[in-house]
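Engineer: Prediction below, plus the sequence it came from.
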Amino acid sequence: SLLSLFTTLLTLLLSVNALTTTTISRRASFAPISASISASISLSPLIIAKDRALAADSISVNVLKEGSGPTPQRTQTVKVDYTLWVNGFDMKKVDSSKSFNPLKGPFKFAVGVGQVIPGWDRTVSEMKVGEKRRVIIPPSLGYGEKGMGPIPGNAPLYFEIELLELAEMKPLNNAQKQWLEEHPPAY
């Protein structure tokens, strides 16, 4: 059948891609972070990012340097260095925490509460301190159809991200815990 042919073609295409990258796919539920990330391939619509086939809710990951220690918890503040390219890692650099403004320095944000695009929340939530990754984030987990600034609509985002530091986890009060329960992660 057509679906069987499509599935076979998709599996072959992604198997070739898997030699150098890992595809992380979102499950339908908003279970805890560790359970919501899997190495499975979903059959969602595809986005062609250079010569990679990328499911609309998947992030292509290439770990350049392994990290160590725990992964960030939801609401924990992290410090990262990053560089962003649009249309490929060999194309024009759009933004960087390292080179565009020397006073800017590393970027800090709280994981899993919507302070950054969903693709970043998902990626960084699975990293360990010292880890460096190159990721391709699809538009659905980036800036979507509208884009932002120099980033056109429906553009896959090419990031190199290094997790530099995890801040100490601060205790949450009851109102904060309730907010988290009412607002599951967008990834």
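Structural biologist: Arrived safely, thanks for sending. Residues are numbered from 1 along each chain as shown.
Engineer: Flag the shaky bits of this structure, pLDDT-wise.
Structural biologist: The model of the chain has pLDDT under 70 over residues 1-56, 100-103.
Engineer: Confirm that residue 178 sits in a helix.
Structural biologist: Yes - membership of residue 178 in a helix is supported by DSSP: H, G, I helix; E, B strand; the rest coil.
Engineer: Counting neighbours, what do you get for it?
Structural biologist: Using other Cβ atoms under 10 Å, residue 178 has 11 other residues around it. Quick note: C-beta positions are derived from backbone N, CA and C, even for glycine.
Engineer: ok, so what distance separates it from residue 69?
Structural biologist: Separation of residue 178 from residue 69 (Cβ to Cβ, to the nearest Å): 29 Å.
Engineer: What about residue 129, how many residues nearby?
Structural biologist: 17.
Engineer: got it, and residue 116?
Structural biologist: Residues contacting residue 116 under the criterion other Cβ under 10 Å number 18.
Engineer: That one: what's it in contact with?
Structural biologist: When contacts are counted by Cβ atoms under 8 Å, 6 or more residues apart in numbering, residue 116 touches 109, 124.
Engineer: helix/strand/coil for it?
Structural biologist: Per three-state DSSP, residue 116 ends up coil.
Engineer: bridging residues for residue 163?
Structural biologist: residue 80 (DSSP bridges).
Engineer: packing partners for the helix or strand containing residue 165?
Structural biologist: Element membership for residue 165, per DSSP states H and E: strand 157-166. Counting contacts by 3 or more Cβ pairs under 8 Å, 6 or more residues apart in numbering; DSSP states H and E, strand 157-166 is packed against strand 77-86, helix 118-125, strand 132-137.
Engineer: Minimum distance to residue 169: which of those has it?
Structural biologist: Closest of the helices and strands packed on strand 157-166 to residue 169 is strand 77-86, at 8.8 Å (criterion: Cβ to Cβ).
Engineer: The next helix or strand after the closest one - contacts with which helices or strands?
Structural biologist: Following strand 77-86 in sequence order, the next helix or strand is strand 93-96 (DSSP H and E). Judged by 3+ Cβ pairs under 8 Å, 6+ apart, strand 93-96 is in contact with strand 77-86.
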